[in-house]
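Enquirer: dropping a prediction and its sequence here:
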There are 2 protein chains.
Amino acid sequence: MMNERPHLPLFQRSRLNRMASSFQIAGVQLDIAIGEVQRNLARIESALRETAKHGARLTVFPECALTGYCFESLAEARPFAEPIPGPSAQRLSQVCRELDVFAVYGLLEADGERLFNAAVLIGPSGVVASYRKVHLPYLGIDMFTTPGDRPFAVSRAGELRLGMNICYDGAFPEAARVMALDGADLIALPTNWPPGAECTADFVINTRAMENHVYYAAVNRVGTERGFRFIGKSKICGPSGCVLAEAPHQDEAILYAEIDLELARRKRVIRVPGKHEIDRFADRRPEMYGRIAASG
Amino acid sequence: MMNERPHLPLFQRSRLNRMASSFQIAGVQLDIAIGEVQRNLARIESALRETAKHGARLTVFPECALTGYCFESLAEARPFAEPIPGPSAQRLSQVCRELDVFAVYGLLEADGERLFNAAVLIGPSGVVASYRKVHLPYLGIDMFTTPGDRPFAVSRAGELRLGMNICYDGAFPEAARVMALDGADLIALPTNWPPGAECTADFVINTRAMENHVYYAAVNRVGTERGFRFIGKSKICGPSGCVLAEAPHQDEAILYAEIDLELARRKRVIRVPGKHEIDRFADRRPEMYGRIAASG
């Protein structure tokens, strides 16, 4: 790092080093009240103030944190959806500006007649990016929303390069892979894992982090909606696949983890110098992977 | 199933049902002596006789089970390599014919001047298929072997559709994905996991099984070679990601699991009928995955 910036005075170099290499994040495992947007928004704001106080520069909230998930029709959900940017993004942007932080939260996005299950990245200057869930299960509001129609993309939250996925996307290795190849340091996965998603919580998050050598923050909700209990177990993993923070399965909780940006970007892993070295990206063989992007 | 074969007498229908839906496999976690091909071959044969006695139709052995792995040059390894088919395939084919079973085992394949880290599927009629390791770590003999030069492929072991990967391939989601999309029921992963591969053993095998809704059998070795201790932890997982059988980290062991072929082929998972249904393949969005097969 110092070699790359030889002309800076020492104090600037060390500040850049600190900024470039360490970035604290938080994940807020919340209960959410379906259809009670104002109540959910107030709780998101209050949690954001708490994580900012603890030094988190980016805080991730669950899927549909603003609205709830188990709507039984598009018509029932529509009154709770909003455009991006919309009222919630405006209010939370003010909070982000005041605290100088970033947040990712899930909501239902209204776009003309269509609804998308979406996530928004907001920061001190407002909406940075939004993501529309690409992989839809037949479950809850996803029975009625429109599948995401935009490519996976990497956004910036300060020095951090962030990729967003939502819930079921995590079960498809391609979703995180595309964004990791495009430079993501962290994949944020707002989720509403129901029973049956235990394998994802227990095994898949670690795998996605390791196979891409990135940080991965899966933030689930707890509580019950119309017979669906959500299983908690939010988890933040590091590039080796190790667990950095993990939440219980039933209670609300806040997770914190330190992101080392340089580590996420150094895909070469040296286990025993000159005897055991791997590179998560350079060792790929994309000429063998054509089948994956082929239709049908 | 009975509706699909209405003209068969009952005993034939039930025999077909049994054949089509249930297939027992075994994984043999062995210690291996580097360079002692005859000793290793005798131990493979003896284990194969034991697993066949227990009803296994297919038995999977570790990577380089015939030769050992931590060679320090191509020249040192060359005397222990053989073509495919070669002496070991001939001998084990005779055993497979006698027992009416299949086996997958790892060896070093000599092809002119080149060596490949390979796996062979043999059965009652000889060599069915072989696989050349596509993803090579900088470790052991893989520092000197030639990277696999053939597409991932699915082979038949009786009714079972089998995909072969080797060790480090397991860390790349693309390797199993391509073969699952091509119809594999089971991915067999002969491996030589060293320290540092714990995350693969603990998390990745379950994930590969679940994300592809296939069976996945990772068969590691134990023991030490030239300072590298191998970590055992062989594991067979089912299509939900659940563990069907697991070996200890230090001792030799034989794992057994029952493969339900119809389950592996039914990618639609119905958790709550009409309320929570997913399809591991139909829900994919390959038009979003182009980046994965792009070079550079």
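Expert: In hand now; what should we look at? In this text the structure is predicted, and so the values were computed from the model without any measurement.

Enquirer: who's the residue in the stretch 1-150 of chain A that chain B sits nearest to bridged to?
Expert: Proximity of the stretch 1-150 of chain A to chain B (C-beta to the nearest C-beta) peaks at A:Y138, 4.2 Å away. Yep, even glycine has a C-beta here, placed from its N, CA and C like the rest. Under DSSP bridges, the beta-bridge partners of A:Y138 are B:E277.

Enquirer: do I have it right that it meets B:I278?
Expert: Yes - under the criterion of C-beta atoms under 8 Å, A:Y138 makes contact with B:I278 at 6.7 Å.

Enquirer: the two: who's more crowded?
Expert: Shown here are A:Y138 and B:I278; by other C-beta atoms under 10 Å in any protein chain shown, B:I278 has more neighbours (21 against 17).

Enquirer: how about the helices in chain A?
Expert: Taking DSSP state H as the criterion, chain A carries its helices at A:10-21, A:37-53, A:74-77, A:87-99, A:173-181, A:198-199, A:205-212, A:261-265, A:290-293.

Enquirer: most neighbours per residue, which of these?
Expert: helix A:205-212 (a mean of 27; mean count of other C-beta atoms under 10 Å in any protein chain shown).

Enquirer: list the contacts of the nearest residue to A:A129 once chain neighbours are set aside.
Expert: Distance criterion C-beta to C-beta, 6 or more residues apart in numbering or on different chains; nearest residue to A:A129, sequence neighbours excluded, is A:S155 at 3.8 Å. By C-beta atoms under 8 Å, 6 or more residues apart in numbering or on different chains, the contact set of A:S155 is A:121, A:128-129, A:161-164.

Enquirer: beta-bridge partners for A:S155, please?
Expert: In beta-bridge terms (that is, DSSP bridges), A:S155 pairs with A:L162.

Enquirer: that one and chain B: what is the separation?
Expert: For A:S155, the distance to chain B (C-beta to the nearest C-beta, to the nearest Å) stands at 16 Å.

Enquirer: A:I84 reaches A:V127, doesn't it?
Expert: Yes - using C-beta under 8 Å, A:I84 is in contact with A:V127, at 6.2 Å.

Enquirer: mutual contacts of the two, please.
Expert: Residues touching both A:I84 and A:V127 (C-beta under 8 Å, 6+ apart) are A:V120.

Enquirer: the more surrounded of those two?
Expert: Neighbours were counted for A:I84 and for A:V127 using other C-beta under 10 Å; A:I84 has more, 20 against 16.

Enquirer: excluding chain neighbours, give the residue nearest to the more buried one in space.
Expert: Closest residue in space to A:I84, ignoring its immediate chain neighbours: A:S130 at 4.7 Å, by C-beta to C-beta, 6+ apart.

Enquirer: give me phi/psi at the nearest residue to A:R266 once chain neighbours are set aside?
Expert: Nearest non-adjacent residue to A:R266, counting by C-beta to C-beta, 6+ apart: A:H213, 8.0 Å away. For A:H213, the backbone dihedrals are phi 50, psi 50 (criterion: degrees, to the nearest 10).

Enquirer: you'd agree A:H213 is up against A:D260?
Expert: No - the pair A:H213 / A:D260 is not scored as a contact, 11.6 Å apart, by C-beta under 8 Å.
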